[in-house]
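Trainee: I would like the atomic coordinates for the input below:
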Amino acid sequence: MSESRRRWQRVDGVLLLDKPVGPSSNAALQRARRVWSAEKAGHGGTLDPMASGLLPIAFGEATKFLHDLLDASKTYEAVLMLGVVTDSGDAEGVEVARHAVTADDAAIHAACVQMIGEIDQIPPMHSALKRDGKPLYAYARAGIELERDARRVTVHTLEVLSIDRTEPEHPRVSIRVHVSKGTYIRTLAMDIGERLGCGAHLCALRRTRVGSLSLDEAIDLTALEALAGDARAPWLQPVDLLIGGLPRIGLPDLLADRFIQGQRLVLDTALRAPLAQVACGPVRVYRGNALLGIAQFAPPGLLAPSRVLAAAST
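Mentor: Okay, here's the model as predicted:
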């Protein structure tokens, strides 16, 4: 069916997609969007074409909560090739140097452990960060190197899974790493190589978690496209999957009506009881089992709407 003749429809929900190596995140998003002919969609964090793994996709009202997902920590499994340096820091780049690898397994483990904690990273030129409206990779492709400020990121954990010395001159190191938002795994690979004195580049990357969302619950893109209509339904999960970690509060009809109109509420003791352990911050708000949106809660009982679902008022 041509895109011009496709009948786009309102779809609300979340798809946990296992993006394959090859397509960009946006290309994978558009393919998933066409499965449901969804008129509005977005994804929760870019994966490079060479990377695979968890790509959360939000349809319709769920797109209102993507910002929270972009701020979430991520977990990756990656493979580093030691001794080979590329201009982009990954396998898609051009090789610029080769060095002998003299590090033993103990030195490799030590170099990885040293990366754990708060570190400063300089974003790579081959990235989607923008300068004067243009992504950095556009400058890099034109042979232009720009000054970039270092960013403070956090490597929560970094575990060496295996060291493959099948090619003795260029060992491959498999790692699992849990990092804060904005962390570049290719830069991490390069920094590990620099610590070992031999250089390195990222040759494979797979994302396994985004916040509380897991790759274990995701479906492969090709498998999704092969499903008949009814068989696809279980893979479209509720909107509140993206905010399941927030405290929950239910409102009676009168207050729910005021909430969806954007009014601030003062909750009585009984209503705010579920939030007794909440100092302050965002909460998810319901009428029965229907999600109305999220609000900022401040003791003793102030509830201020911050994002209200359009569906709540229909």
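Trainee: quick one, longest strand in this protein?
Mentor: Across the chain, the longest stretch assigned as strand under DSSP state E is strand 151-164.
Trainee: pull up the pairing partners for that one, direction included.
Mentor: strand 117-121 (antiparallel), strand 172-179 (antiparallel) (DSSP bridges).
Trainee: how about the helices in the stretch 151-300 of the chain?
Mentor: Ranges of helices within the stretch 151-300 of the chain are 185-196, 221-226, 229-232, 253-260, based on DSSP state H, counting those that start in this stretch.
Trainee: residue 305 is nearest to which of those helices?
Mentor: Closest approach to residue 305 among those is made by helix 253-260 (5.7 Å; CB to CB). No exception for glycine: its C-beta is placed from N, CA and C like everyone else's.
Trainee: residues contacting residue 237?
Mentor: Applying CB atoms under 8 Å, 6 or more residues apart in numbering, we find residue 237 in contact with 13-16.
Trainee: with residue 76 instead?
Mentor: Residues in contact with residue 76 (CB under 8 Å, 6+ apart) are 53, 176-177, 179, 185, 205-208.
Trainee: and it, bridged to which residues?
Mentor: residue 177, residue 207.
Trainee: can you tell me how far it is from residue 156?
Mentor: Noted for residue 76: a distance of 12 Å to residue 156, by CB to CB, to the nearest Å.
Trainee: give me the common contacts of the two.
Mentor: Taking CB under 8 Å, 6+ apart as the contact rule, residue 76 and residue 156 both touch residue 179.
Trainee: and for residue 152, the neighbour number?
Mentor: Residue 152 has 10 neighbours, counted by other CB atoms under 10 Å.
Trainee: okay, and the beta partners of it?
Mentor: With DSSP bridges as the rule, residue 152 is bridged to residue 120.
Trainee: so what pLDDT did it get?
Mentor: Residue 152 carries a pLDDT value of 93.
Trainee: right, I'll call it a day here.
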